[in-house]
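K.L.:
can't give you the sequence, but here's the structure:
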């Protein structure tokens, strides 16, 4: 027997109240955010406590803290509110010039600095009311992509990490090595022996987030000595400058790296497999005309990159 309450019998206004309470962790601040009186929101909190059989907010001195159940609800509630907002923002006839839609795109700093910057510029020219929110991805976003992409609009990610999701290829890129300008051990080129002997700055380093070129370095038959791991590519030159460390960045970031103080950019001493950057999305967006417009914008920006 299914004891779950029917959606038709639920007051979906409670979802908005729950989202505000989980975000603000205060009845007073949540009420101010929603433009409600404090007694009205206290009544919503009481109904939520009855529904979940949980306090949701637990007083700790002069403050409130989320219960373990409430902490688990945070992500689900945010996704549910975003999904509901998208439902009611959908229009039969969509005009980019009149739209105020916000598109949420996950990706790395590299993705945002390349194709993301071009997309933002094109959108400002063609749909001045449209806004893009570029959010740095996490290992959870990548590993749970079929779930995390439901409330979002896309994920900028090279091939080799995701499967069974729709995508559009944007551009391809190569790899280069960054080394400190004053690193006397490395001349005009870097050798395979130096790749093995010198310390490294790597990015990410998890089963679901890694740079394909650094994975190739590991497949050359030696285990690199990793001194630093950073959550992004544009920080790598700062961790290389003035040290013996090596790092690898994409070719489109080579000019950025050269402009950083104390950095040289060299070719890789092995045939690094190029990456193909793509925009991935959840199939629920396939037939959304607004989303289709966004995908076409990314495809055009990819050609420009």
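P.N.:
Right, received. Where do you want to start? Here the structure is a predicted model, which means the values were calculated and not measured.
K.L.:
for the chain, what helix or strand is lowest in average pLDDT?
P.N.:
helix 212-218 (a mean of 75; mean pLDDT, DSSP states H and E).
K.L.:
can you give the contact residues for that one?
P.N.:
For helix 212-218, contacts defined as Cβ atoms under 8 Å, 6 or more residues apart in numbering pick out 158, 160, 175, 195, 200, 202-203, 224, 248, 268, 270, 272-273, 275. (Each C-beta comes from the backbone N, C-alpha and C, glycine too.)
K.L.:
gap between stretch 290-305 and the chain center?
P.N.:
Its chain's average C-alpha position is 18 Å from that of stretch 290-305, according to Cα atoms, centre = their mean, to the nearest Å.
K.L.:
need the longest helix for this protein.
P.N.:
helix 68-89 (DSSP state H).
K.L.:
list the buried ones in it?
P.N.:
Neighbour counts over helix 68-89 (16 or more other Cβ atoms under 10 Å) mark 70, 73, 77, 80, 81, 82, 86 as buried.
K.L.:
now stretch 147-162
P.N.:
Those would be 148-158, 161-162, for stretch 147-162 by 16+ other Cβ under 10 Å.
K.L.:
just the strands in the stretch 51-200 of the chain please.
P.N.:
Counting by DSSP state E, counting those that start in this stretch, the stretch 51-200 of the chain has these strands, from start to end: 57-60, 63-66, 102-107, 131-136, 154-158, 167-173, 175-180, 199-203.
K.L.:
helices and strands around the first one, which ones?
P.N.:
If I follow you right, that is strand 57-60. Where contact means 3 or more Cβ pairs under 8 Å, 6 or more residues apart in numbering; DSSP states H and E, strand 57-60 is packed against strand 63-66.
K.L.:
what's the strand it packs on packed up against?
P.N.:
Counting contacts by 3+ Cβ pairs under 8 Å, 6+ apart, strand 63-66 packs against strand 57-60.
K.L.:
partner strands of the strand it packs on, with direction?
P.N.:
strand 63-66 (antiparallel) (DSSP bridges).
K.L.:
mean confidence for the strand it pairs with?
P.N.:
Regarding strand 63-66, the rounded mean pLDDT is 86.
K.L.:
how about stretch 189-200?
P.N.:
The pLDDT scores in stretch 189-200 average 93.
K.L.:
what is the most widely separated pair among the buried residues of stretch 147-162?
P.N.:
Spatially, the most separated pair among these is 151 and 158, at 22.9 Å (Cβ to Cβ).
K.L.:
one step back: make TSV from the strands of the stretch 51-200 of the chain and add distance to residue 125 to it.
P.N.:
TSV is the format used below for these (distance: least, Cβ to Cβ, whole Å):
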stretch	distance to residue 125
strand 57-60	45
strand 63-66	43
strand 102-107	16
strand 131-136	13
strand 154-158	20
strand 167-173	19
strand 175-180	32
strand 199-203	32
